[in-house]
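**Q** Test case, fold it:
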Amino acid sequence: MDIQKIREQFPILREKNRDKDLIYLDSAATSLRPVSVIGSEILFYQEYGASIHRSVYELGEKATNSYENTRKKVAKFIGSDSSESIVFTKSATESINLVANAWGFKNLKKGDIVLLTDMEHHSNIVPWQIICDKTGAKIEYIKSTKDGTLDLQELDNALNDKVKIVSFTHVSNVFGTINPAKTIIDKAHKNGSLVLLDGCQSAPHLKIDVKELDCDFFVFSAHKMLGPTGVGVLYGKTEILEDMDPYQTGGGMIRDVTMEKSSWSCLPHKFEAGSPPSAQVYGMGAAIDFLNLYPSEYETVFQYALEKMYKVDGITIYGNAPERTSTISFNINNIASLDIAQLLDYEGIAIRSGHHCCQPLMKSLNISSCARISFYVYNTIEEVDIFIEKLNETIKKLS
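**A** Here you go, the predicted structure:
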């Protein structure tokens, strides 16, 4: 893999950060975009541009075809046999809200349990809290271990006939842990529970096969995998989606409307009310094309960084799972993570600090925040060396 050839395709890497060469180490939050993705959105507006699913003229047909062809591309990307199982939303957050409301409101009742883990992003906690308040169901949590993994014995102990759905992250956005999704899904199904798998951190890094995983729902976002903002995906087994009521209503999702009542369109359109983000969906297709061309060899950069990080004085690295992706969360003794991030910013280095939308996990770790670096296709060994050098300088300044 010619890393320089790849980097040339990301124009933002030619920009400066505080008048320094940009080193971007925050891809777990949002990734950068290659020219092919940026250009695809421009192309859509220049050559297609019309409203989809509503027009018989050629421009409208082109727009509709670009949108629906991307749906097929997404289905293939995650291993689904049917494009009808792919619902476009504005974010993975909306995808989870859709399931919590459209499935949860209909299927949860007082005494039922939604089973989560303590390493969930807030987006996979808050929607369930809201729907449980409305239905009388309750949430229980599987706690993570010291090394950032899940105790499957604790899962076995938690599963019972009250657990209606298990909703968990495929990859932790703090630990980087790749959870044993297939094992958890099989255990949940044996218990009679459905499973929602949060793939925000896995879809950008791992080969996903929802058919093999056998998850009932899978959610992810385009912006974490080189695509545009404003596009999320909900995969659902079609028989389950068919039984769910619409989450939002309006134009585009109806079959027939009278003054008294309405009926809904077929899958997946009954969950896509309003004018969709057509150009952004088209851009997501370009991102998938890019990822299919360039496999995840940047994991070598991550492993190199991890080895270097363990040698930093006073460091605590959170999570030590044998199976993990390219995210490293850490703290330095007696130094605030925000101070580290701010000083590195003045060296041109963009890292994350804070609770990473995982306050329950921060509480479990007995910390309020931590710093985080994360890598993707455009990062290099040289950037790691500069980061380590500047991190050590920052520690000396703040000690």
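
**Q** doesn't residue 168 fall inside a helix?
**A** No: with DSSP: H, G, I helix; E, B strand; the rest coil as the criterion, residue 168 is located in strand rather than a helix.

**Q** So what's the residue count around it?
**A** Per other C-beta atoms under 10 Å, the neighbour tally for residue 168 reads 24. Backbone N, C-alpha and C define where each C-beta goes, glycine included.

**Q** Show me where the stretch 151-300 of the chain has its strands.
**A** Secondary structure of the stretch 151-300 of the chain, counting by DSSP state E, counting those that start in this stretch: strands at 163-169, 194-198, 217-221, 232-236, 254-257, 262-264.

**Q** Tell me which of those sits nearest to residue 324.
**A** Among the strands of the stretch 151-300 of the chain, strand 163-169 comes nearest to residue 324, with 12.6 Å by C-beta to C-beta.

**Q** Tell me the buried residues in that closest one?
**A** 163-169 (16 or more other C-beta atoms under 10 Å).

**Q** With distance to residue 100 as extra columns, can I get those residues in TSV?
**A** Supplementary listing: these in TSV, determined by distance: C-beta to C-beta, whole Å:
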residue	distance to residue 100
163	15
164	12
165	9
166	13
167	8
168	14
169	15
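
**Q** Max pairwise distance over these: which two?
**A** Within these (distances taken as C-beta to C-beta), the two that end up farthest apart are 164 and 169, at 18.8 Å.

**Q** show me where pLDDT drops low in the stretch 1-150 of the chain?
**A** 1 (pLDDT under 70).

**Q** re earlier: could you export the strands of the stretch 151-300 of the chain as TSV, including distance to residue 103 and mean pLDDT?
**A** Formatted as TSV, the strands of the stretch 151-300 of the chain follow (distance: least, C-beta to C-beta, whole Å; pLDDT from 0 to 100):
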stretch	distance to residue 103	mean pLDDT
strand 163-169	8	98
strand 194-198	8	98
strand 217-221	8	98
strand 232-236	8	98
strand 254-257	20	90
strand 262-264	15	91
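
**Q** and these, which is most packed in?
**A** strand 217-221 (a mean of 29; mean count of other C-beta atoms under 10 Å).

**Q** Output the contacting helices and strands for that one.
**A** Packed against strand 217-221 by the contact rule (3 or more C-beta pairs under 8 Å, 6 or more residues apart in numbering; DSSP states H and E) you find helix 92-98, strand 194-198, strand 232-236.

**Q** So which elements touch the helix or strand that comes right after the longest one?
**A** Per DSSP states H and E, helix 92-98 leads on to helix 104-107 as the next helix or strand towards the C-terminus. Contacts of helix 104-107 with other secondary structure elements, assessed using 3+ C-beta pairs under 8 Å, 6+ apart, are made with helix 126-135.

**Q** which outside residues touch the helix it packs on?
**A** By C-beta atoms under 8 Å, 6 or more residues apart in numbering, the residues outside helix 126-135 that reach it are 93, 96-97, 99-101, 104-105, 108-110, 112, 114, 116, 137-139, 167.

**Q** go again using 7 Å as the cut-off
**A** The contact list for helix 126-135 (C-beta atoms under 7 Å, 6 or more residues apart in numbering) reads 96-97, 100-101, 104-105, 108-109, 114, 116, 138-139, 167.

**Q** and that helix with strand 194-198, angle?
**A** 150 degrees (axes from the mean of the first three to the mean of the last three C-alpha atoms, to 10 degrees).

**Q** relative orientation of helix 126-135 and strand 163-169 in degrees?
**A** Helix 126-135 runs at 160 degrees relative to strand 163-169, counting by the same axes, to 10 degrees.

**Q** Give the buried residues for the helix or strand just after helix 126-135.
**A** Scanning forward in sequence from helix 126-135 by DSSP H and E, the next helix or strand is strand 138-142. The neighbour-count check on strand 138-142 (16+ other C-beta under 10 Å) flags 138, 141-142 as buried.

**Q** mind listing the helices in the stretch 201-350 of the chain by residue range?
**A** Remark: helices assigned in the stretch 201-350 of the chain by DSSP state H, counting those that start in this stretch are 210-213, 238-243, 278-293, 299-309, 337-345.

**Q** Redo these as a markdown table? Include mean pLDDT, mean neighbour count and distance to residue 8.
**A** Listed next are the helices of the stretch 201-350 of the chain as a markdown table, based on pLDDT from 0 to 100; neighbours: other C-beta atoms under 10 Å; distance: least, C-beta to C-beta, whole Å:
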| stretch | mean pLDDT | mean neighbour count | distance to residue 8 |
| --- | --- | --- | --- |
| helix 210-213 | 98 | 16 | 34 |
| helix 238-243 | 97 | 14 | 41 |
| helix 278-293 | 96 | 22 | 13 |
| helix 299-309 | 94 | 17 | 17 |
| helix 337-345 | 98 | 18 | 25 |
